[in-house]
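Q: just to be clear, the model below is a prediction. Sequence and coordinates:
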Amino acid sequence: MPEIAEVETVRRTLRTQIINKKIKKVTVLYEKMVTPNAELFIKELKNKVIIDILRRGKWLIFDLGQDYLFSHLRMEGKFFLKDQQMPIVKHEHVIITFTDNSELRYHDTRKFGRMLLIPKSENIIETITRQGLEPNDQNLTSKYLYAKLRNKSLAIKSILLDQKIISGLGNIYANEVLYASQINPWRRGKDLTLKECQRIIDASNQIIAQAIELGGTTIKSYTSSLGVTGQFQQYLQVHQREKTNCPNCGSVILRAKLNGRSTYYCPKCQKK
DNA sequence: GTTGACACCTGGACGC
DNA sequence: TGCGTCCAGGTGTCAA
């Protein structure tokens, strides 16, 4: 599933492929995926040029001059650049045809992804994405996190998945960050100390930077556009490593549900 | 304001 | 082999 590192990999790949391409035609095969309605989406995208591709958290943002096209890949969204002659395959829901007859195709097995076409205006990116600070942002400090946690009785794992606090962490990296920080996922946010917040910040910065460098994590169905496959899964310490030994202490890694999400942890290194 | 439950979706794994 | 059930999980919405 695409998290911040995977989305950044997609952004970097697409930037080399479609910058300055002009849109000739748009086809929407699953109307619920686009906002505003498909008719307007198709009409407004025609003749636009891809000026740049930005990212905010897990959102991809296509700069089209007067408009932004926001795209969230959710669980299994992928972009592929293909020739117009190639047959449309199952699960390709939005097809953007350029004037050079290449096509950017959005493929999403589970139809969770969403695209929004919105005119540029002040703070529109912040309004749409509603993101907190990203790992490696110099403003993401232990004091920032400590202040955010102060009144939260939610489990720290759930808080790390809240994009309004730290942007870009998903289930995989939340599991890895808490393991690296040696903090139990069920600890309440307000019970964490300033030092523990610093450990979370340090682990987030280190893990996300390494994951981006390695092209993200490829688990099950996820690959980025052009089939670029991430390598970070080789460095996962606990995620999807249930019943294997903890790399640190040798205890057996456990899996449990926390608010419906699979949570992997070492019972010895991450004591309550 | 905070928190938890649920819906959205489909393919794969698993048990019978 | 075929069928039914469960699971994966990011985000928005709604109710308590």
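A: Okay, I see it.
Q: would stretch A:110-119 count as contacting DNA strand B?
A: Yes. Stretch A:110-119 reaches DNA strand B (C-beta under 7 Å from any atom of the strand) through A:110-112. Every residue, glycine included, has its C-beta placed from N, CA and C.
Q: next, format those as TSV and append secondary structure.
A: Formatted as TSV, these follow (DSSP: H, G, I helix; E, B strand; the rest coil):
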residue	secondary structure
A:110	coil
A:111	coil
A:112	coil
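Q: just those that are near DNA strand C?
A: Within the residues of stretch A:110-119 next to DNA strand B, those near DNA strand C by C-beta under 7 Å from any atom of the strand are A:110, A:112.
Q: and the residues of stretch A:110-119 next to DNA strand B as CSV, adding pLDDT and neighbour count?
A: Listed next are those as CSV, based on pLDDT from 0 to 100; neighbours: other C-beta atoms under 10 Å:
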residue, pLDDT, neighbour count
A:110, 86, 12
A:111, 89, 15
A:112, 87, 14
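Q: how about residue A:4, nearest residue that isn't a chain neighbour?
A: Distance criterion C-beta to C-beta, 6 or more residues apart in numbering; nearest residue to residue A:4, sequence neighbours excluded, is residue A:168 at 2.9 Å.
Q: for that neighbour, grab phi and psi.
A: Note on residue A:168: its backbone torsions stand at phi 110, psi -20 [degrees, to the nearest 10].
Q: distance of it relative to residue A:137?
A: Taking C-beta to C-beta, to the nearest Å as the measure, residue A:168 falls 10 Å from residue A:137.
Q: what's the distance between residue A:143 and residue A:58?
A: Note on residue A:143: its distance to residue A:58, by C-beta to C-beta, is 25 Å.
Q: got it, and residue A:85?
A: For residue A:85, the distance to residue A:58 - C-beta to C-beta - is 32 Å.
Q: more crowded one of these two?
A: Between residue A:85 and residue A:58, counted using other C-beta atoms under 10 Å, the more crowded position is residue A:58 (23 against 7).
Q: which non-adjacent residue is nearest residue A:128?
A: The nearest residue in space to residue A:128 (C-beta to C-beta, 6+ apart) is residue A:70, at 5.5 Å.
Q: using CSV, list the CA coordinates for the helix or strand containing that neighbour.
A: For residue A:70, the host element (DSSP states H and E) is strand A:67-72. Output in CSV follows, covering the C-alpha atoms of strand A:67-72 (Å, rounded to 0.1, in the frame of the first residue of the first chain):
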residue,chain,number,x,y,z
ASP,A,67,-5.6,24.2,-11.7
TYR,A,68,-4.3,21.4,-9.5
LEU,A,69,-5.2,17.8,-10.0
PHE,A,70,-5.0,16.1,-6.6
SER,A,71,-4.6,12.3,-6.6
HIS,A,72,-4.6,10.0,-3.5
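Q: pretty sure residue A:86 belongs to a helix, no?
A: No. In this structure, residue A:86 is coil, not part of a helix, as judged by three-state DSSP.
Q: what pLDDT does the residue nearest to residue A:4 get?
A: If you check residue A:168, the pLDDT there is 84.
Q: for it, give me its contacts.
A: Counting by C-beta atoms under 8 Å, 6 or more residues apart in numbering, residue A:168 makes contact with A:3-4, A:7, A:57-58, A:131, A:134-135, A:208.
Q: mind listing the strands for the stretch 1-150 of chain A?
A: A:23-28, A:34-35, A:52-56, A:59-63, A:67-72, A:77-83, A:92-98, A:102-108, A:114-119 (DSSP state E, counting those that start in this stretch).
Q: which positions in chain A make contact with DNA strand C?
A: Counting by C-beta under 7 Å from any atom of the strand, chain A sits next to DNA strand C at A:1, A:3, A:57-58, A:72, A:74-75, A:110, A:112, A:130, A:161, A:163, A:170-172, A:257, A:260-262.
Q: wait, a helix at residue A:204?
A: Yes. Assessed with three-state DSSP, residue A:204 lies in a helix.
Q: which residues touch the residue of the stretch 1-150 of chain A found nearest DNA strand B?
A: Using C-beta to the nearest atom of the strand, the single residue of the stretch 1-150 of chain A nearest to DNA strand B is residue A:110, 3.6 Å away. Applying C-beta under 8 Å, 6+ apart to residue A:110 gives the contacts A:74-76.
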